[in-house]
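>>> curious how this folds, go ahead:
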Amino acid sequence: MSGNFVQRGSAAICNKWARAEMAVKNGVNLVIELPSVYSCQTAEIFAKGAIEILNALKIVDCISFGVENDNKEEIIKTATVLNNETPEFKEELNKQLSLGIGYPKARQTALKEVYGIDLTDSPNNILAVEYVRQLKKLGSNIDIVPVKRKGSLHDKEGSASYIRELIKEGRDFSDYVPESVAEIVKRETQKGTMPVFDNAFSQALLYKLRTATPEELKNIADMAEGLENRIIAEGRKQNDMESLVSAVSTKRYSNARIRRILQNVLLGITKEEVTESPSYIRVLGADKKGFTMLKEIKERCSLPVILKTADAQNFSQLEKEIKCSSVYALGYNNKDISLSSQEYTMGAYILK
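I've put the predicted structure just below:
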């Protein structure tokens, strides 16, 4: 599970400890964190972090994910093609990029033109392909189980985005979530630690942009050459994150990509950090069966398993996560300064 910042380029509406509790109370045996250096990134980096962690556990037989196209053979074929790009594909990709369109759309068109593949037309399908690409790069024996997504589409009734909007507006959302989830949301809201929205970080982000130099931003993860100048210029004109995203986004640089880049600026995530492999396994929640699994993981896994930050070694990746959580606390309505140290005060949720 992603930490306090997620792949859509936003802060999670609810902190990771409460979300882990929701998961375990509703049947999940073990919740392991995907660090923010991966969870905030493109599908390729997101998948890299997730698959390397799962592969390191040495107990995973298969991974399952929701997709619009659940054709397993097509997903594997697409991943294989992208891991072994031919001169013809590269030529067509460059041709599409020269037209001024963004990379995801250019790659989708090139796949269709060269191989007749029409799979990477949705974020879920793209992520599925990236999972398989990473499995192949690692030479992993983990199998895949794609599940066709049915029901609510993005922003439609019952979807996650729809529920978040109901929470934002203070409207009743209880019909769309399990009772235990509604209770946790109510508890966190009363504590002032929920909901968290992006504009809560606007001033912190604008401060960074108005005091940064182009050279400093060049090394931010996913920053394209020259884009740092546009971002800095707009950072001096706009008053909040939403208007900044709108002002910087273009045909080539999608709204989602700009959100992720700005999130990387806010958190100080660099290009070098996202290329590093995971250095630990962080447990956010577990039930009795999950604890049994943990014992086996500890016997097989070469990475250290962490249940409490205070008991962990000084890993640079964990230190980054601690900083990210401290920034996340800026989004709380409750301004108790102790909440900025939740990484040390909150341990894994354990269902007895």
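
>>> for the protein, which element, helix or strand, carries the lowest mean pLDDT?
helix 103-115 (a mean of 89; mean pLDDT, DSSP states H and E).

>>> poorly predicted segments of the stretch 101-250 of the chain, please.
152-155 (pLDDT under 70).

>>> mind listing the helices for it?
Per DSSP state H, counting those that start in this stretch, the stretch 101-250 of the chain carries helices over the ranges 103-115, 123-138, 160-168, 179-191, 202-211, 214-218, 227-235, 241-248.

>>> just those: most buried one?
Across the helices of the stretch 101-250 of the chain, averaging neighbours per residue (mean count of other CB atoms under 10 Å) puts helix 123-138 on top, at a mean of 21. C-betas here are computed from N, CA, C, even on glycine.

>>> for stretch 251-265, C-alpha coordinates in PDB please.
Only the C-alpha atoms of stretch 251-265 are listed here, as PDB (Å, rounded to 0.1, in the frame of the first residue of the first chain):
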ATOM      1  CA  LYS A 251      -0.500  18.900 -24.300                       C
ATOM      2  CA  ARG A 252       2.900  17.300 -23.800                       C
ATOM      3  CA  TYR A 253       2.900  17.500 -20.000                       C
ATOM      4  CA  SER A 254      -0.300  16.100 -18.600                       C
ATOM      5  CA  ASN A 255      -2.100  17.300 -15.500                       C
ATOM      6  CA  ALA A 256      -1.200  14.000 -13.800                       C
ATOM      7  CA  ARG A 257       2.500  14.300 -14.600                       C
ATOM      8  CA  ILE A 258       2.600  17.900 -13.400                       C
ATOM      9  CA  ARG A 259       1.000  16.900 -10.100                       C
ATOM     10  CA  ARG A 260       3.600  14.200  -9.600                       C
ATOM     11  CA  ILE A 261       6.500  16.500 -10.400                       C
ATOM     12  CA  LEU A 262       5.100  19.200  -8.000                       C
ATOM     13  CA  GLN A 263       4.700  16.500  -5.400                       C
ATOM     14  CA  ASN A 264       8.300  15.500  -5.900                       C
ATOM     15  CA  VAL A 265       9.300  19.200  -5.500                       C
END
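
>>> return the set of buried residues in that stretch.
Judged by neighbour count using 16 or more other CB atoms under 10 Å, the buried positions of stretch 251-265 are 252-254, 256-265.

>>> just the ones of these in helices?
256, 257, 258, 259, 260, 261, 262, 263, 264, 265 (DSSP state H).

>>> looking at those residues, spot the one nearest residue 21.
residue 263 (24.4 Å; CB to CB).

>>> can you count the residues close to residue 268?
Using other CB atoms under 10 Å, residue 268 has 16 neighbouring residues.

>>> return the residues in contact with it.
The contact partners of residue 268, by CB atoms under 8 Å, 6 or more residues apart in numbering, come to 220, 323.

>>> separation between residue 132 and residue 71?
Residue 132 sits 12 Å away from residue 71 when distances are taken as CB to CB, to the nearest Å.

>>> residue 55: which of the helices of the stretch 101-250 of the chain is closest?
helix 123-138 (5.5 Å).

>>> can you give me the strands for the stretch 1-150 of the chain?
Assigned by DSSP state E, counting those that start in this stretch, the strands in the stretch 1-150 of the chain fall at 5-6, 10-11, 30-32, 62-67, 143-148.

>>> point out the other helices and strands that the third one packs with.
In other words, strand 30-32. Helices and strands touching strand 30-32, by 3 or more CB pairs under 8 Å, 6 or more residues apart in numbering; DSSP states H and E, are helix 16-25, strand 281-286, helix 288-300.

>>> as CSV, those with mean neighbour count and distance to residue 247 would be great.
Converted to CSV, the helices and strands packed on strand 30-32 look like this (neighbours: other CB atoms under 10 Å; distance: least, CB to CB, whole Å):
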stretch, mean neighbour count, distance to residue 247
helix 16-25, 22, 30
strand 281-286, 24, 36
helix 288-300, 14, 45
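
>>> to residue 178, which of those lies closest?
helix 16-25 (7.8 Å).

>>> about what we covered before: adding mean neighbour count and distance to residue 95, write the strands of the stretch 1-150 of the chain out as TSV.
Below are the strands of the stretch 1-150 of the chain laid out as TSV (neighbours: other CB under 10 Å; distance: least, CB to CB, whole Å):
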stretch	mean neighbour count	distance to residue 95
strand 5-6	25	34
strand 10-11	22	33
strand 30-32	22	41
strand 62-67	15	28
strand 143-148	14	31
